[in-house]
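curious how this folds, go ahead:
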Amino acid sequence: MDIVVMPAHSRPEYFKVWTELVAKAKGASELFYLFCLDSGYDPRYMDLIYEFPFECAFIEMPEDKSLALGKQSRNVLNGMIAAAQQTDEFVYYIEEDVFIGVDFFRWHKEVHKREKVFCSIATKSNNTQYTVDDFASHYYITQECDYQALGVCFRKEIILDLIKPHYNDSYLSNPTAYCLRHFPLASIGSIWTEQDGLIRRILEQKKMSVAYPCLPFAYHSGFYGYNRQPEVMRKTYDQKLKLIRDVCFDKVKMRLMSEHMGPSYWMDSVPCELNLTFDTLKRVNVEKIT
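Predicted coordinates for the structure are as follows:
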């Protein structure tokens, strides 16, 4: 079985909605799910995991007070590597605030049948904008440094051969120093050195490509969390669950909720059509918008 990795810590209300969406996705029942619970996680996750309808397991990450910036990266990378060591072929990485559509898994598999890429990402590209069309069957390949941890699929070899060597104490204890030392020519410099920034640097260093859909099959719905609008975190579980159901499927409400933080926040969290389907995939050429 191929494996889905989902890290978790403090937003079980998002996880609740995520599980409902996953249950609607084609092929979801044929996958194994690995839930990676970071130290200090909300105990509500356990109840939700035991209710999850498909085959699954969880990892409880032990506390390590010596870690600061590397804490979240340890949980994510540990889960990705564990999955890559056990999966048949693919590892899907989906965070709980990435809402997936019915053809999410199918799109990834069809792309990998056609392309040898670093990974495929089923959300729209937030790092670089392209002149995409409106056909669900169209996808494109980018050579830009365009990794984002939003609805990703890797072949297991990418994780084991390229990412796993960087999962070590030196990186976890000081991600920024490690990235500057091992990726001195990285285009993003000294910023974004957690796991997604590390993977972005690996992609750039290896000069590999990423596949994106012209129309997304998933979107980032996280308008609050530890690094944006933390005051929402103080609401009760039921209040947050109601807020997610009310806001996160509506483009206008999502923008109103986040636009005070700046365009980069609301533009990376635009709801898409989750019932979108496609026929035969076709690779198309796109142009970078400067």
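
so where's the stretch 51-200 of the chain uncertain?
For the stretch 51-200 of the chain, applying pLDDT under 70 flags no range at all.

helices of that one, start to end?
70-86, 104-114, 156-157, 169-173, 175-182, 195-206 (DSSP state H, counting those that start in this stretch).

nearest to residue 95, of those?
Smallest distance to residue 95 across the helices of the stretch 51-200 of the chain (CB to CB): 8.8 Å, for helix 70-86. C-beta here means a position set from N, CA and C on the backbone, and glycine is covered the same way.

and residue 52, how far is that from residue 28?
11 Å (CB to CB, to the nearest Å).

please say which of those two ends up with more neighbours.
residue 28 (18 against 15; other CB atoms under 10 Å).

which residues does stretch 258-267 contact?
126, 223, 228-229, 254-255, 257, 269 (CB atoms under 8 Å, 6 or more residues apart in numbering).

out of the helices of the stretch 51-200 of the chain, which is closest to residue 219?
helix 104-114 (10.6 Å).

residues contacting the closest one, please?
If you take CB under 8 Å, 6+ apart as the criterion, helix 104-114 is touched by 25-28, 31, 90, 92, 117, 120, 122, 139, 151, 153, 155, 211, 213, 217-218, 278, 281, 283.

can you count the residues close to residue 155?
By other CB under 10 Å, the residues close to residue 155 number 19.

isn't it up against residue 92?
No: here residue 155 does not reach residue 92: they are 11.2 Å apart, not a contact under CB atoms under 8 Å.

just the buried ones from the contacts of stretch 258-267?
For those, a burial check counting by 16 or more other CB atoms under 10 Å picks out 126, 223, 254-255, 257, 269.

and stretch 162-174, what's buried?
Buried residues in stretch 162-174, counted by 16+ other CB under 10 Å: 162-163, 166-167, 171-172, 174.

let me fix that: stretch 239-251
So, applying 16+ other CB under 10 Å, buried residues of stretch 239-251: 240-241, 243-244, 247-248.

again, but for stretch 276-288
Within stretch 276-288, the residues scored as buried using 16+ other CB under 10 Å are 276, 278, 281, 286.

for that stretch, give the mean pLDDT please.
What stretch 276-288 shows for mean pLDDT is 97.

what's it in contact with?
With contact meaning CB under 8 Å, 6+ apart, stretch 276-288 is reached by 101-103, 107, 110-111, 114-115, 128-133, 135-142, 144, 214-215, 217.

in strands, which of those residues appear?
The strands, defined by DSSP state E, take in 138-142 from those.

would JSON lines of these with distance to residue 185 and neighbour count be doable?
Output for those, formatted as JSON lines (distance: CB to CB, whole Å; neighbours: other CB atoms under 10 Å):
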{"residue": "138", "distance to residue 185": "33", "neighbour count": "17"}
{"residue": "139", "distance to residue 185": "29", "neighbour count": "25"}
{"residue": "140", "distance to residue 185": "26", "neighbour count": "20"}
{"residue": "141", "distance to residue 185": "23", "neighbour count": "18"}
{"residue": "142", "distance to residue 185": "19", "neighbour count": "18"}
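
from these, which two are the most distant?
Checking the ones in strands among the contacts of stretch 276-288 with CB to CB, the most distant pair is 138 and 142, at 13.7 Å.

so who does the residue nearest to residue 182 when sequence neighbours are not counted touch?
Leaving aside its sequence neighbours, residue 182 sits nearest to residue 166 (CB to CB, 6 or more residues apart in numbering; 7.2 Å). With contacts taken as CB under 8 Å, 6+ apart, residue 166 has the following neighbours: 178, 182, 198, 202.

closest to residue 6 out of those residues?
Out of these, the member with the shortest distance to residue 6 (by CB to CB) is residue 198, at 19.0 Å.

for the closest one, grab the count of nearby residues.
By other CB under 10 Å, the residues close to residue 198 number 25.

next one: residue 175
Burial measure for residue 175: 24 neighbouring residues, criterion other CB under 10 Å.

can you tell me the closest non-neighbouring residue to it?
residue 193 is the one closest to residue 175 (CB to CB, 6+ apart), at 4.1 Å.

where's that neighbour relative to residue 201, distance?
8 Å.

need the overlap of contacts for those two.
residue 179.

more neighbours, those two?
residue 193 (25 against 22).

state the distance from the more buried one to residue 38.
18 Å.

equivalent analysis for residue 238, please.
23 Å.

which one of those two has more residues nearby?
residue 38 (21 against 9).

how close does the residue nearest the centre of the chain get to residue 162?
Among the residues of the chain, the one closest to the centroid is residue 150, at 2.9 Å (CA atoms, centre = their mean). Residue 150 is 19 Å from residue 162, where distance means CB to CB.
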